[in-house]
Every structure is written in C-alpha cells, then in structure tokens.
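Next come a sequence and a model predicted from it.
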Amino acid sequence: MILRARQFEFTFPRPALVMGIVNVTPDSFHDGGQFLDPGAAVARGLELAAQGAEILDIGGESTRPRAVPVDETEELRRVLPVIERLAGQVKVPISIDTMKPAVARAALRAGASIVNDVAANRESDAMWRVVAEERAGYVCLHMQGTPSTMQARPVYADVVREVREFFLERLRRLNDCGVAADQIILDVGIGFGKSLEHNLRLLGALNRFAELERPLLLGVSRKSFIRELLGAEVTERLPASLACACLGVEAGAHMVRAHDVAETVQAIRATEAILARRK
C-alpha cells in the first residue's frame, strides 16, 4: 500500500508514522495559546520533528466540541507564516488542519503536502477539487455534525458499520473528483460526534477499517473521552493516550496523531518490536 502526498511517498507496511500537532490557536483544548506566536509555533514544529514526528499537522482553527469558528482571513494569518518557515527547515510532510478549501490551497502553495479535513462529511466538492489539483494527501475524517454541534446528541444504530459505509462512499466521491486512492488517509474521528461508547466501539474495531486498504490515522491524544472513562483532566491523560495508540497500532493503525511525540514514538516502537516477535 502506497501513500502519495505531493513530493512525498510512504510505502506500507512500515513502522507507524507519528503526526505531531502544532495548534496555532488561542482555544485548542490542550495547548491553546501556547504556540499562537508564529515563532513559538515554528520552534514547536522543529522540536516535534527532532523528537521523531514524521508529519507535522498545523491548525489555525480549533475543532474541539463547541469551538467558535474562525474566519478565513484570520486562519490564514495564523498558519501561513508557520508553514512557510517550517517548509524551508524540515524534511517531513506538513499537514494543514482546516475545513476551508481556500485555506487548504494557500497552505499547500506555501509548502504543505497534506490536507487534514475534519469536515469530510461535507456535500460540496470544492475541497476535494483542491486536493486533486494540488496532488496533496488527504485525511478523510468521519464526523457527525459540525464541531459546534457534534457532541450535542450523537446517535448511531451501529457506529462501526456506519463509519465504514461513510468511508466507502467517500472513497467513491473522492475518486469522482480526481483524488486518487493513493492520496487518501482514513480517520474514524474519535471524539467527533461520538459518545464514550461510540469511541470505545470504534477503538475496539479498528481492524475493520484497516481492511479498507488505505492508511488509517488514529487521533486519541488527550481527548475528552478519557475524562469520561477515567475522570482524568487534560494534563493527566497521557498514559491512556499511549495505551490507545499502542492498541491501535496492534489493530492496524498506520499513523498516530499526538501532542506528546517523544513519548508516543517510544511507546509505539516498543509495541512494534514485541508484535514483530509474536508467534
């Protein structure tokens, strides 16, 4: 299986990739405000790359539950200086975490190679046309609703079946828009329009999504379902995040999105070493 994102190419099976998170926002749930200054965000990106991040995910609009939307001009103001500077200093792909086609296009032209789209449930094909034209990688994330509404009352008859059907339908639509299969990454969207039970069921069935023959990205880092499960506040959620990441890799996840890159890389590499020796 191959993933192509502009000039970058990854061939699987291979050690799981860790995607390091750089939030250029004042309101993200874990590190909001810490890297709002472009210089601080660039320094953070360089630090994560040095710790082993093989993708850097740059976001200028929080997608936490009930987040306030940011207009296009402000989002561009936040992310473009960071992407431009990082693109000249790192050798790993840069991902733009955005729901806006115009922001995606500008970020790709500034040096990004992947679009991380939490709004892949959209009906408009504008974002997909941008991805096709720019030959970018594309993270297709499942979300029920929008960031401002997604946690109101998420309902599924069978969350695993419905998310799997969503991916199959989106793979067809993306292909119709000119996005090749080898550009696409799938993300079940833990915490995006899901209850605690929905999240746990998806984590327990990741192998069902690995069967779709596209790289599977898992984003569990310090998310609120851990608080619901264990009562842990944001600063206390690293152990559970690592446990979910390692079990995810065992189930077939190819990529893990993380705030804590050094710890995640170490945990995943130990997991992979054990799995390689399993009889």
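Nice, thanks for sending it over.

out of everything not next to it in sequence, what's closest to residue 264?
Setting aside the residues directly before and after it, residue 264 is nearest to residue 258 in space (CB to CB, 6 or more residues apart in numbering), at 4.1 Å. Heads up, the C-betas are built off the backbone N, CA and C, glycines and all.

Quickly list what that neighbour is bridged to.
Beta bridges link residue 258 to residue 20, judged by DSSP bridges.

So what's the residue count around residue 68?
Neighbours of residue 68 under the rule other CB atoms under 10 Å: 11.

Correction: the previous question concerned residue 229.
13.

got the contact list for the residue lying closest to it once chain neighbours are set aside?
Excluding the flanking residues, the one nearest residue 229 by CB to CB, 6+ apart is residue 196, at 6.1 Å. Counting by CB atoms under 8 Å, 6 or more residues apart in numbering, residue 196 makes contact with 225, 228, 229.

for residue 271, same thing?
Contacts of residue 271 (CB under 8 Å, 6+ apart): 246, 249, 250.

Which of the residues you listed ranks first by neighbour count?
residue 249 (23 neighbours).

Identify each buried residue in the helix or strand harbouring it, please.
Using DSSP states H and E, residue 249 maps to helix 238-251. Under the neighbour-count criterion of 16 or more other CB atoms under 10 Å, helix 238-251 has 238, 240, 241, 242, 244, 245, 246, 247, 248, 249, 250, 251 buried.

What sits closest to the fourth one if chain neighbours are left out?
Read it as residue 242. Nearest to residue 242 is residue 267, by CB to CB, 6+ apart, at 4.5 Å.

what's the burial count for that neighbour?
Residue 267, neighbours per other CB under 10 Å, totals 22.

For residue 129, see how far away it is.
Per CB to CB, to the nearest Å, residue 267 is found 38 Å from residue 129.

got it, and residue 40?
34 Å.

what do you get for residue 252?
Distance from residue 252 to residue 129, by CB to CB: 30 Å.

how about the contacts of residue 271 in a markdown table, adding pLDDT and distance to residue 100?
Formatted as a markdown table, the contacts of residue 271 follow (pLDDT from 0 to 100; distance: CB to CB, whole Å):
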| residue | pLDDT | distance to residue 100 |
| --- | --- | --- |
| 246 | 97 | 34 |
| 249 | 97 | 31 |
| 250 | 96 | 35 |
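
Just the closest of those residues to residue 176, please.
Nearest to residue 176 among these: residue 249, at 32.1 Å, using CB to CB.

Strands of the chain, start to end?
2-5, 8-11, 17-23, 55-59, 94-97, 114-117, 137-141, 184-187, 216-219, 255-258 (DSSP state E).

what's the neighbour count on residue 43?
15.

Residue 102 contacts residue 72, doesn't it?
Yes - counting by CB atoms under 8 Å, residue 102 does reach residue 72; the two are 5.7 Å apart.

who are the neighbours in contact with the nearest residue to residue 211 once chain neighbours are set aside?
Of all residues not flanking residue 211 in the chain, residue 252 sits nearest, at 8.0 Å (CB to CB, 6+ apart). Counting by CB under 8 Å, 6+ apart, residue 252 touches 206, 207, 209, 210, 211, 216.
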